[in-house]
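**Q** quick one, what's the 3D model for this:
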Amino acid sequence: MDPIELSITIDRPREEIFEYLADIANHPEFTDHYLKEWHLTRVDSYGRGAGARYRTDAPRQRFSWGDMSFVSVEAPRRIVAVGRGGKYNRIKTYAEWTLEPAGHGTRIEFMFETEPALPTDRLMEGFGYRGWMRRNASKGLKRLRGILEDNEGRGVRATVAGL
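**A** Numbering: from 1, shown residues only. Next up, the predicted model:
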């Protein structure tokens, strides 16, 4: 899938937003409307190596489990996560959050892309997945702004499975 690129400006200092995003346990708070049942892959949920597994609540997805791990955490400006999803976890995923100062706030640029392994995986993504993902990621960024600016709309943080 071609990259989805979204941006939003949040009226908070860049360092504060970075600290929030660098803790993967916080991500379900603003993405739980389309990424469900989050479980951390290790006890330490902050920084490089932190990861989580989740279920994508997309239509017509028979193989909805995916994961992501932070592979690059460059304070206070960039976080990169890679993962896999789909049938047999064969679809690679890449997500990146870039934070830049913008006036009194911070501009967050979010990019997400997938690399389907087979033509059938590309075909399944062609049935509206890109638009669905764009809409839900955009809503997630708006929810993130609500959480950080107004402390409203908080969801549940992810935990290690069974704890």
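
**Q** run through who's touching the helix or strand Ala52 falls within.
**A** Using DSSP states H and E, Ala52 sits in strand 51-56. Identification of contacts with strand 51-56 by Cβ atoms under 8 Å, 6 or more residues apart in numbering yields 24-25, 27-28, 34-42, 45, 64-70, 83, 85, 158. (Each C-beta comes from the backbone N, C-alpha and C, glycine too.)

**Q** give the buried subset of the residues you listed as a PyMOL selection command.
**A** Burial among the contacts of strand 51-56 is assessed by 16 or more other Cβ atoms under 10 Å; the matching PyMOL selection reads:
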select buried, resi 24+25+27+28+34+35+38+39+40+41+45+66+67+68+69+70+83+85+158
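
**Q** out of the contacts of strand 51-56, which are inside strands?
**A** Per DSSP state E, strands hold the following members of the contacts of strand 51-56: 35-40, 65-70, 83, 85.

**Q** wait, which of those is closest to Phe18?
**A** Phe70 (12.0 Å; Cβ to Cβ).

**Q** identify the residues contacting the closest one.
**A** Counting by Cβ under 8 Å, 6+ apart, Phe70 has contacts Ala22, Ile24, Gly47, Arg48, Gly49, Ala50, Gly51, Ile79, Val80, Ala81.

**Q** and Ile4, its phi and psi?
**A** Reported as degrees, to the nearest 10, the phi and psi values for Ile4 are phi -100, psi 120.
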